[in-house]
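# no FASTA, just this:
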Ligand SMILES: [Mg+2]
Ligand SMILES: [Zn+2]
């Protein structure tokens, strides 16, 4: 039963609960056991909250007895530790917020709560979501379940690893430049970054406000559709939340994709792309063609500038967003300072890790007097060009396919010394954030060492249903999602 | 050498909204520290701002009243600096696309109206308050964030003022305009209206501007004027001694009556403004502007004309009574309670204005007598309950906080004696004691009756109805 | 090639309220210099007539009505405060006179 539990999807859990085969308490206990059994190795969780989880499970069970239903009622989930949970620690993987308990719930969290979900705990991440490896957590790194010596990707590495290893059927991640999709690819799970504005950012601790989005990380496309349906919707607390209708994202699943035009950017297959990744992605595209999709070569000519634009925009916004961590009202405060400026400086120097400091410094520099036009405004203009590339491309195609990451998961410590090299590995995921488009990563095979490879699909703004429909068709035709890491098969025995 | 002083203002006023500019917290003044705060105005991790429509529209109203062009694609930017009263360590403000630009303000001067340029009008958020503990030895500070996030309008004038007198007119007229448009209640005691000024001097006739100094911490118009006097002399003395004026920000020090250089460890000033990604672009169309314009409350000129037509006031009186919105409101309120517009107006223009003039820091809003009270006082005169003379006494009691005029009259036994049988014996006695005066009256010199009336009034301690006394005396003498 | 000096690092650090040892500052100068060299590739682009995009989604005029919503209690407000006194946040002295 433990192993079975660890491979369940949200849809399967909902069926079990509806048919009375299991209670939410049973399932929650089993997931907690599972975490107890494997998390010492994977270290996906920063904190497990068994008491509140079991209480939520009991509430869900009694609600169900009273006739309430719902796709998430009683379903255990994990949350990235960047989402505010009222009264519960929310650290963003930083020493700076080591003891911080928000007085409110993020809108996404409140929606899951209202839907009756059970929160197992908070998941590890690169500090303030800055990083692609989960090695920049102030607490501990997370391992990739497929190879414990490798990184799970980041920044939502804890979420991806936990889903891959079956510590929870699904989790929430956040994505600023690929932080949902890249770890999903590296851990062999599904990760969806919705259209900017689809899911409220209220209560998502900001890294780069114009790029951040919350999204589901799941084992299957169907689960991603179910979760997105709950998370999406206009929020009056977020000025950048889009006033658009939320469709039933599961409705398009199972429909055939005959005639769907899938664009393949010629800029994709360039130097630095791992040949095995290229091969897997080309095979995936062929599979889509086999399902009736029309494959069209397109060009996104400004792709090569995306990383530069991204690292200017995101660091500039971050330098301002993270200014509030100064030890005055909440969070870490350095001791023994005798004036306010010393307190600020010492608090921030002691409370932030290297990568966060690096980005704050870069962001401060590009906004500073004399450089605004040369760097920041120039980047905003280049961002317009990148956006236009997509507008033109989507005149000709319905979806765009690329690899999610140019490589499989790298070894721990491999890129720590070279931040630029680390940044460049986000080349495929960054453009969707810059253009505000939905992007999804799903498993499309393994390399020779048995490490998962991700296929990224992108759609025009608010066309998540189309994205999910195509991804679902591919997923069902291939069955990669059924593959489990060995630790998921063996690690759960009591 | 003769010197010319050049002055410009940065006016900050808190807008008249119920809630803060980005969140729903109250903007009320004087509450217990940190009780009007929420995650948003505390700048907690993950929160987002949502613009208060009324704050936006009041700002537009002010920009229009100051003849500004409205920037159709106005935007909000972040001004980044570290200070404990600013919980996010950035202030949401405007810079590259200010809401209103290139306006002007008509300043009444002795030589007619003078146009003062308005460089820009923009909407931003107020900061909280840093408190230094009472204990002078305390080695710490306290922070109260109740005020943080209160909508704040900033009006930046061109350096078009040339004297303290012009500066005074500007401050008063600007305050009046903001009050009239109901953009702000401009209560300076509560810091809802604040002036910062920049000042420079140059040789008379020179066309180039001298080095300017900015001065902060001016909490009243009186202080601002004193500061101008002091600062212009400091700069002139500096230049005449062969020195130069340093471009800097100085603080007004009320205890020394001087400005002093702001000594801070902070050397780097680089606000790194950039568009706030949490707030969306504005798109202001004609329809919106027209709607805001239509909602504009009655302005001073319109009100003056209405006072002339409706209340039969002279142009001069109407002008005085509408020169301050609070006074005009007060006047209308009093007239509504007792319909004698002329007498009510006279009381305000003599007594209330005298009170106001006694102390330069006084504001009409703080006038101790409520409009209802003044109306009641005039009514007591009009219906003959008290004489005009007694009314002066009652007024003093009202100023001393003894209560409503009716209560004072009762408590002090000041009700006018209108009963002839009570006055009669006193009149008889006075006539008997003053044969000379009586003779004069009989000889036709009726003006001599005044002396007799005075004696009766004195005997009744002013309470007798003088008209009645007059009649009784004449009646008795003619008998 | 290194656009960044130790002094520049110090200046940006001051603006960022961060402090570094000389060694750290030099490492930062090197890393930031290389990142900046990389982002200089944007200068290849002609952006003369291009409007900047500061928001991913082009929404306009998002506003709320001027209505009060409940504030936090003073206790909730100060619950995360490192130091509090008299209902206020307590911090080291703000103005260093002289
Ligand atoms: Mg300002
Ligand atoms: Zn608030």
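That came in fine, so what should we check first? All values reported here derive from a predicted model rather than from experimental measurement. Numbers count the residues shown, from 1 in each chain, chains lettered A, B, ... in the order given. Ligands and ions are numbered 1, 2, ... in the order given.

# need the helices for the stretch 251-400 of chain A, in chain order.
A:275-290, A:306-321, A:340-351, A:354-367, A:378-396 (DSSP state H, counting those that start in this stretch).

# For these, please prepare TSV with the additional fields mean pLDDT, distance to residue B:204 and mean neighbour count.
Using the backbone N, CA and C atoms, a C-beta is placed for each residue, glycine as well. TSV is the format used below for the helices of the stretch 251-400 of chain A (pLDDT from 0 to 100; distance: least, CB to CB, whole Å; neighbours: other CB atoms under 10 Å in any protein chain shown):
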stretch	mean pLDDT	distance to residue B:204	mean neighbour count
helix A:275-290	97	78	17
helix A:306-321	97	46	27
helix A:340-351	97	44	21
helix A:354-367	96	43	25
helix A:378-396	98	47	20
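
# quick one: the strands in the stretch 51-200 of chain A?
In the stretch 51-200 of chain A, the strands defined using DSSP state E, counting those that start in this stretch lie at A:76-80, A:118-123, A:170-175, A:190-193.

# I'd like those as TSV, with mean neighbour count, distance to residue C:77 and mean pLDDT appended.
Below are those laid out as TSV (neighbours: other CB atoms under 10 Å in any protein chain shown; distance: least, CB to CB, whole Å; pLDDT from 0 to 100):
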stretch	mean neighbour count	distance to residue C:77	mean pLDDT
strand A:76-80	29	25	98
strand A:118-123	28	23	98
strand A:170-175	29	27	98
strand A:190-193	34	34	98
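
# Residue A:68 touches residue A:116, doesn't it?
Yes - Residue A:68 is in contact with residue A:116 according to CB atoms under 8 Å; the separation is 7.2 Å.

# quick one, which of those two is more surrounded?
When neighbours are counted by other CB atoms under 10 Å in any protein chain shown, residue A:68 and residue A:116 differ, and residue A:116 comes out ahead with 24 against 12.

# Enumerate the positions of stretch B:148-163 that are buried.
B:148-161 (16 or more other CB atoms under 10 Å in any protein chain shown).

# Rebuild these as CSV, extending it with distance to residue B:33, pLDDT and secondary structure.
Formatted as CSV, the buried residues of stretch B:148-163 follow (distance: CB to CB, whole Å; pLDDT from 0 to 100; DSSP: H, G, I helix; E, B strand; the rest coil):
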residue, distance to residue B:33, pLDDT, secondary structure
B:148, 12, 98, coil
B:149, 15, 98, coil
B:150, 15, 98, coil
B:151, 20, 98, strand
B:152, 20, 98, strand
B:153, 25, 98, strand
B:154, 25, 98, strand
B:155, 29, 98, strand
B:156, 31, 98, strand
B:157, 34, 98, strand
B:158, 39, 98, coil
B:159, 38, 97, coil
B:160, 40, 96, coil
B:161, 38, 96, strand
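
# now, which of those lie close to chain A?
The subset of the buried residues of stretch B:148-163 within reach of chain A, by CB under 8 Å from any CB of the partner chain, is empty.

# picking up where we left off before, what is in contact with residue A:68 and residue A:116 at once?
Here residue A:68 and residue A:116 share no contacting residue, scored by CB atoms under 8 Å, 6 or more residues apart in numbering or on different chains.

# Contact residues of chain C facing chain B?
Residues of chain C lying near chain B (CB under 8 Å from any CB): C:11, C:14-15, C:17, C:54-55, C:58-74, C:77-78, C:83, C:85-98.

# Any of those residues buried? List them.
The neighbour-count criterion (16+ other CB under 10 Å) marks C:11, C:14-15, C:17, C:54-55, C:59, C:62-64, C:66, C:68, C:71-72, C:74, C:77-78, C:87-94 among the residues of chain C next to chain B as buried.

# Burial check on the closest residue to residue B:96 other than its chain neighbours, number of neighbours?
Closest residue in space to residue B:96, ignoring its immediate chain neighbours: residue B:77 at 6.7 Å, by CB to CB, 6 or more residues apart in numbering or on different chains. Residues lying near residue B:77 (other CB under 10 Å) number 24.

# what does the one 3 residues further on give?
Using other CB under 10 Å as the criterion, residue B:80 is surrounded by 23 other residues.

# contacting residues around it?
A:319, A:320, A:323, A:367, B:89, B:90, B:271, B:272, B:273.

# For beta bridges, what are the partners of residue B:259?
residue B:252 (DSSP bridges).

# helices or strands up against the longest strand seen in chain B?
Secondary structure of chain B per DSSP state E: the longest strand is strand B:112-125. Other elements packing on strand B:112-125 under the criterion 3 or more CB pairs under 8 Å, 6 or more residues apart in numbering or on different chains; DSSP states H and E are helix B:53-65, strand B:90-93, strand B:100-109, strand B:151-157.

# ok, which stretches of chain C are strands?
Under DSSP E, chain C gives strands at C:63-64, C:84-85, C:88-91.

# quick one: contacts of the second one?
Applying CB under 8 Å, 6+ apart, the contact partners of strand C:84-85 are B:140, B:142, C:78, C:90.

# Most widely separated two among the residues you listed?
B:140 and C:78 (15.0 Å; CB to CB).

# any idea of the mean pLDDT in the strand or helix carrying residue B:233?
Using DSSP states H and E, residue B:233 sits within helix B:221-240. Helix B:221-240 shows a mean pLDDT of 94.

# follow-up on the earlier one: tell me the buried residues in the longest strand of chain B?
Buried residues in strand B:112-125 (16+ other CB under 10 Å): B:114, B:116, B:118, B:119, B:120, B:121, B:122, B:123, B:124, B:125.

# Residue numbers of the stretch 51-200 of chain A in contact with chain C?
Counting by CB under 8 Å from any CB, the stretch 51-200 of chain A sits next to chain C at A:99, A:100, A:101, A:103, A:195, A:196, A:197.

# try 7 Å
Counting by CB under 7 Å from any CB of the partner chain, the stretch 51-200 of chain A comes close to chain C at A:100, A:101, A:103, A:196, A:197.

# could you pick out which of these are near chain B?
Within these, those near chain B by CB under 7 Å from any CB are residue A:103.
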